[in-house]
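**Student:** Quick one, fold the following:
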Amino acid sequence: MPMASIPRRCVNLPPGTLYALWNCLIHRQIQEGPALDEFSKAFGAWLRVPHVFGTASGRSAFQLALEALGPAEGSEIIFPDFTFPVIPMVAKKLGFQPVFCEVNPRTFNAGPDEIARRISPRTKAVVATHMFGRPCPIREIVALCRERGIRVLEDCAHALGARIEGQMVGTLGDMGIFSFAEGKNMPCFGGGAMVTSDEELARRARGILQEAPIPPRGALIQKALSIWVKWFITRPAIFSLTVYPLLRLRLFLGMSLMDAAVGDELLQYESRSKLRIDRLANLQASIGLLHLPRIEGFNQGARHNASILSEGLMGLPGIFAPPPEKGPAIYVYYPLTVPPERRDELRRHLLRKGIDSKTTDMSDCSRLNFFQDHPGAFEKGSAIRKDATILEVCVYPTISEGQIRHLVETLKAWAKEHSP
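**Tutor:** As a prediction, this is how the structure comes out:
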């Protein structure tokens, strides 16, 4: 058994996290406190955007953005057909009509050409998603939409800190939505934010958020402790002694590999929950303040590991990796694309070699039952679901360069063995 296995996901918490939790506890500042204003100002200064609205989750941030747009009244919102399905679900539950457009099969991002084909007189907004941390052609999308008076919402859940010609993603459209969930590059015991430079949208968002509650103190403490435990067990050395043996046992017994619900199963559960916007808590803002001085270095480390993978896997038969680049991609998740009939086989092979991986949480929404009555739902075209081809591996700098090179060699050996 490898002494330092590679986990499928590493939780990134900065030094001082437990002290911040303890400090908020003893000063009774879990929910309210001075860190809230400090974080909003610091986050806005880092992004160079004037208005920051902290929320308890990325989903709350997205709902806040939609409500700031104004009444739905049957308005359409264009989404890439490959996205986290809960996001268009929120739009649908708020009364908007999700419309799906195709994405580039290599980048999994939608561009202006794909979006233009779905624009109608009822289009109110376009959600421009920076999938897997690779920025989409946002400047071209914004130009297309501004010609038609359509708002652009940037979904930056995977791309916090990515820049395009020096400008942060999330600040090029009308609104940017960020997630600080546990799997992202800047987790804050949960949390999220909506940002904008538009004064009217900011005024509406401020009014909505003033009426929103903060999650209960007990729920915040429970989440904080849960995420700290996940941080601890996703250190490669600890993972090797705890979770990895359990995964190997489950593999041996033919059991599922501890995968979360996705697709229609996820939506069936989530659609029963009541939509609500919750504000960011002082505890979450405190962790955000610890992150901000470190996030650039963390992103650079992830880019370095991703570049080793991309260069090592270039031209490998049977496995498509993101191409090598010196650009702005963050790689919160690093997607390997393989033929769907081989994906589970490759996943089991990697696990036997000490490398955990995961199937994607993203979905080919045009194929989901929940959206079959919406424009853009699957009719004809590729018989292969996009989400059935993806295997995600971790490239966070928690993973050493030696382990990343071990991953490269393992993938090369598998590809050579299974090449036509």
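**Student:** just the strands in the chain please.
**Tutor:** 51-55, 76-80, 82-83, 97-101, 123-129, 151-155, 163-164, 167-168, 175-179, 192-196, 334-337, 358-359, 363-364, 390-393 (DSSP state E).
**Student:** partners of the last one in the sheet?
**Tutor:** Each strand pairing with strand 390-393, determined using DSSP bridges, is listed with its direction: strand 334-337 (antiparallel), strand 358-359 (antiparallel).
**Student:** would you turn the strands of the chain into JSON lines with mean neighbour count, distance to Thr242 and mean pLDDT?
**Tutor:** For glycine as for every other residue, the C-beta is placed from the backbone atoms N, C-alpha and C. Shown next, in JSON lines, are the strands of the chain (neighbours: other CB atoms under 10 Å; distance: least, CB to CB, whole Å; pLDDT from 0 to 100):
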{"stretch": "strand 51-55", "mean neighbour count": "25", "distance to Thr242": "32", "mean pLDDT": "98"}
{"stretch": "strand 76-80", "mean neighbour count": "28", "distance to Thr242": "37", "mean pLDDT": "97"}
{"stretch": "strand 82-83", "mean neighbour count": "25", "distance to Thr242": "33", "mean pLDDT": "96"}
{"stretch": "strand 97-101", "mean neighbour count": "24", "distance to Thr242": "40", "mean pLDDT": "95"}
{"stretch": "strand 123-129", "mean neighbour count": "26", "distance to Thr242": "34", "mean pLDDT": "97"}
{"stretch": "strand 151-155", "mean neighbour count": "26", "distance to Thr242": "33", "mean pLDDT": "98"}
{"stretch": "strand 163-164", "mean neighbour count": "16", "distance to Thr242": "37", "mean pLDDT": "94"}
{"stretch": "strand 167-168", "mean neighbour count": "18", "distance to Thr242": "37", "mean pLDDT": "96"}
{"stretch": "strand 175-179", "mean neighbour count": "29", "distance to Thr242": "26", "mean pLDDT": "98"}
{"stretch": "strand 192-196", "mean neighbour count": "28", "distance to Thr242": "29", "mean pLDDT": "98"}
{"stretch": "strand 334-337", "mean neighbour count": "22", "distance to Thr242": "23", "mean pLDDT": "96"}
{"stretch": "strand 358-359", "mean neighbour count": "20", "distance to Thr242": "17", "mean pLDDT": "96"}
{"stretch": "strand 363-364", "mean neighbour count": "24", "distance to Thr242": "30", "mean pLDDT": "93"}
{"stretch": "strand 390-393", "mean neighbour count": "23", "distance to Thr242": "19", "mean pLDDT": "97"}
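**Student:** looking at the strands paired with strand 390-393, which is closest to Val229?
**Tutor:** Nearest to Val229 among the strands paired with strand 390-393 is strand 358-359; the distance by CB to CB comes to 18.7 Å.
**Student:** what does that closest one contact?
**Tutor:** For strand 358-359, contacts defined as CB atoms under 8 Å, 6 or more residues apart in numbering pick out 8-9, 259, 262, 343, 347, 387, 390-392.
**Student:** Now, the residues you listed that are in helices?
**Tutor:** Using DSSP state H, the subset of these located in helices is 343, 347.
**Student:** Taking the contacts of strand 358-359, please make a PyMOL selection of just the buried ones.
**Tutor:** Here is the PyMOL command that selects the buried residues among these (16 or more other CB atoms under 10 Å):
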select buried, resi 8+9+262+343+347+387+390+391+392
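**Student:** between the contacts of strand 358-359, which is closest to Lys223?
**Tutor:** Comparing the contacts of strand 358-359 against Lys223 with CB to CB places Arg9 closest, at 16.6 Å.
**Student:** Over to the closest one: give its phi and psi.
**Tutor:** Dihedral pair for Arg9: phi -150, psi 140, per degrees, to the nearest 10.
**Student:** before we move on, the earlier item: could you dump the strands paired with strand 390-393 into TSV and include distance to Arg139?
**Tutor:** Below are the strands paired with strand 390-393 laid out as TSV (distance: least, CB to CB, whole Å):
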stretch	distance to Arg139
strand 334-337	24
strand 358-359	32
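**Student:** so where's the protein shaky on pLDDT?
**Tutor:** 1-3, 326, 374-383, 420 (pLDDT under 70).
**Student:** hmm, back to that, the strands of the chain: which one's closest to Ala202?
**Tutor:** Ranking the strands of the chain by proximity to Ala202 (CB to CB) places strand 51-55 first, at 4.0 Å.
**Student:** can you count the residues close to Arg272?
**Tutor:** 7 (other CB atoms under 10 Å).
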